[in-house]
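Participant: Need the 3D shape of this:
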Amino acid sequence: MPGYATRHEHVAIGDHDYHLRVLADRQQFWDPDGHGERLGISSAQWALFGQLWPAGQLLARAMQDFDIGGKRILELGCGIGLASLVLQRRGADVVASDMHPLAEVFLAYNAALNGLPALHYRHLQWDEPLPELGRFDLIIASDVLYESGHAALLGGVVDRHAQPLAEVLVADPGRGNSSHLNRELAARGFDLEERRCALQPGDQPPHRGRLLHYTRGPLGGQA
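Facilitator: From the prediction side, this is the model:
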């Protein structure tokens, strides 16, 4: 038996009710061989991947209606993988990625729990090149700007893995670091369309949540 506790959550995205195995709480920790520590994941951060975050739900709702036709899609920091599961159900060409040692296990379990085929998953550290991953038409992420330095790391990922004509969509809960990413992607030729929105259905304005939709080239995705 693993040395951590889990529970199940249900969340409605569009017309589908998704069943998700998540960590029981943010105090869970299990790193018997020190793998997470070697990756730079502290005990305080260890459980963050396994939660159902509001920004993750916002990104999943955006993916329910987003134009995915002909696009190869990469999710960064997928965690439990809700947005990628939504895309998988829609038949998208999606690759989920994360650096946490258990992300792939949770993603596979959640795909099976929802009757979906296994997703294509890659372990990805933002500061380490992975040329075999290739390039993507759409890169998505949620709540990845909780430290100011993450914007520069994301800019590097975009350099390595975005097509010349590409989109980046980030669901952000308003942590205050989005301006750093705006500058990073503007320097790489991306235009920004920002939309304030509810992090969860029923939230009342003024909304803290936002969808940051960056485009490079004549693209017409909808957020």
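Participant: so what's Asp143 closest to, chain neighbours aside?
Facilitator: Of all residues not flanking Asp143 in the chain, Ala55 sits nearest, at 3.8 Å (Cβ to Cβ, 6 or more residues apart in numbering). To be clear about C-beta, it is placed using only N, CA and C from the backbone, and glycine gets the same treatment.
Participant: My reading is that the one you found lies in a strand. Confirm?
Facilitator: No - according to DSSP: H, G, I helix; E, B strand; the rest coil, Ala55 belongs to no strand; its state is helix.
Participant: how about it, what does it touch?
Facilitator: Ala55 is in contact with Ser142, Asp143, Ala171, Asp172, Pro173, Leu199, Gly209, counting by Cβ atoms under 8 Å, 6 or more residues apart in numbering.
Participant: Tell me the confidence at the residue nearest the centre of the chain?
Facilitator: Central residue of the chain (Cα atoms, centre = their mean): Ala141, 3.4 Å from the mean position. If you check Ala141, the pLDDT there is 98.
Participant: per-residue pLDDT, the closest residue to it other than its chain neighbours?
Facilitator: With Cβ to Cβ, 6+ apart as the criterion, Ala141 has its nearest non-adjacent residue at 4.1 Å, and that residue is Leu76. Looking at Leu76, its pLDDT is 98.
Participant: Buried residues of whatever helix or strand Ala60 lives in, list them for me.
Facilitator: According to DSSP states H and E, Ala60 maps onto helix 54-65. Going by neighbour count (16 or more other Cβ atoms under 10 Å), the buried part of helix 54-65 is Pro54, Ala55, Gly56, Gln57, Leu58, Leu59, Ala60, Arg61, Ala62, Met63, Gln64.
Participant: any idea whether the spatially closest residue to Trp126 that is not a sequence neighbour is helix, strand or coil?
Facilitator: If the residues on either side of it in the chain are set aside, Trp126 comes closest to Leu153, at 4.1 Å by Cβ to Cβ, 6+ apart. With three-state DSSP as the basis, Leu153 sits in helix.
Participant: And Leu153, how far from Leu82?
Facilitator: 22 Å (Cβ to Cβ, to the nearest Å).
Participant: pLDDT weak spots in this protein?
Facilitator: Within the chain, the ranges that satisfy pLDDT under 70 run 1, 219-223.
Participant: how about the helices in it?
Facilitator: 35-38, 54-65, 82-89, 103-113, 150-161, 178-186 (DSSP state H).
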